[in-house]
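[1] what follows is a predicted protein model with its sequence.
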Amino acid sequence: MTNNDAMDEAPDTREYDRMLSGELYIADDPYLHALGARRRRLQQLINTSDWDAFAERDRLFHELLGAFGEGSYIEPPFRCDYGCNIAIGRDFYANTDCIILDVAPVTIGDNVFFGPRVALYTPYHPIDAATRDEQLEGGLPIRIGSDVWFGGGVTVCPGVTIGDDVVVGAGSVVTKDVPAHSVAVGNPAHAVRTIGEEDRIRWRARADEYRAWKGMR
């Protein structure tokens, strides 16, 4: 077999496939190393880009991530595990120091806002030390709906689903699913109330007042 024949062979993705399926795997094979090297290169370019290199960063995020919707923006620095397992919808915004560890799929809807230092962690590690010492680990997907706002320092743990129209308070650690149309706070986070029609009336009235003020200037 020639060197060219070896390069043309399909990569061995078995560890990667186990990783995405939530089964135990070891992150030590050529395919995962190649994905990690790709992520490091693109992440470095993003995080060391000039402050006004907006178009260049947008191009790099489109290359790094599995999907990056129209109108979305992430403030550097940004860090992830692979990037290709992250799918982001339209008009997403993440403030500085966002971390998304995507050994399992991470799906984020439209019109989602992250405060600074938000962290999404899909990896899990065995409770048994002997198993953990074999370098075995796994991951569970994180799903975030549309029209969601996270305050600064929110942490989301493996396997969590967050519904549409949710607000998560600053510093919260989300270990379980959060239902749609709710406000969740705490460690561990829990829904403290429902977002209802009174909230919509109040905030839309304030928005109308702002638009009126803007038109009068």
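    Yes, it's here.

[2] low-confidence regions, this protein specifically.
    1-8, 217 (pLDDT under 70).

[3] if the most centrally placed residue in the chain is in a bridge, with which residues?
    Compute the mean C-alpha point of the chain, and by C-alpha atoms, centre = their mean the closest residue is I100, 4.5 Å away. Beta-bridge pairing for I100 (DSSP bridges): C80, L120.

[4] ok, now A87?
    For A87, the beta-bridge partners under DSSP bridges are A67, T107.

[5] quick one, what contacts it?
    Residues in contact with A87 (C-beta atoms under 8 Å, 6 or more residues apart in numbering) are 65-67, 105-108. Using the backbone N, CA and C atoms, a C-beta is placed for each residue, glycine as well.

[6] that one and W51, how far apart?
    Using C-beta to C-beta, to the nearest Å, A87 is found at 27 Å from W51.

[7] and L35, by the same measure?
    For L35, the distance to W51 - C-beta to C-beta - is 29 Å.

[8] who's more crowded, these two?
    More crowded of L35 and W51, by other C-beta atoms under 10 Å: L35, with 19 against 6.

[9] what helices or strands is the one helix or strand that one maps to leaning on?
    For L35, the host element (DSSP states H and E) is helix 30-47. Where contact means 3 or more C-beta pairs under 8 Å, 6 or more residues apart in numbering; DSSP states H and E, helix 30-47 is packed against helix 14-21, helix 54-64, strand 78-80.

[10] narrow the contacts of A87 to those that are buried.
    Those of those that meet the buried threshold are 65, 105-108, by 16 or more other C-beta atoms under 10 Å.

[11] neighbours of V168, just the number please.
    Neighbour count of V168, defined by other C-beta under 10 Å: 28.

[12] hmm, I typed the wrong one, I wanted D133.
    Neighbour count for D133, taken as other C-beta under 10 Å: 9.

[13] over to the one 10 residues further on?
    Residues contacting R143 under the criterion other C-beta under 10 Å number 17.

[14] name whatever forms a beta bridge with the nearest residue in space to M19 that is not next to it in sequence.
    What sits nearest to M19 in space, not counting adjacent residues and going by C-beta to C-beta, 6 or more residues apart in numbering, is Y25, at 4.6 Å. Assessed by DSSP bridges, Y25 has beta-bridge partners E137.

[15] against T131, how distant is Y25?
    Taken as C-beta to C-beta, the span from Y25 to T131 is 13 Å.

[16] neighbour count: the two, which is higher?
    Y25 (22 against 13).

[17] which residues touch the more buried one?
    By C-beta under 8 Å, 6+ apart, Y25 lies in contact with 15-16, 18-19, 136-138.

[18] returning to what we had before: possible to save the buried ones among the contacts of A87 as a markdown table with distance to R79?
    Shown next, in a markdown table, are these (distance: C-beta to C-beta, whole Å):
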| residue | distance to R79 |
| --- | --- |
| L65 | 13 |
| P105 | 18 |
| V106 | 13 |
| T107 | 19 |
| I108 | 16 |
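
[19] all good on my end, thank you.
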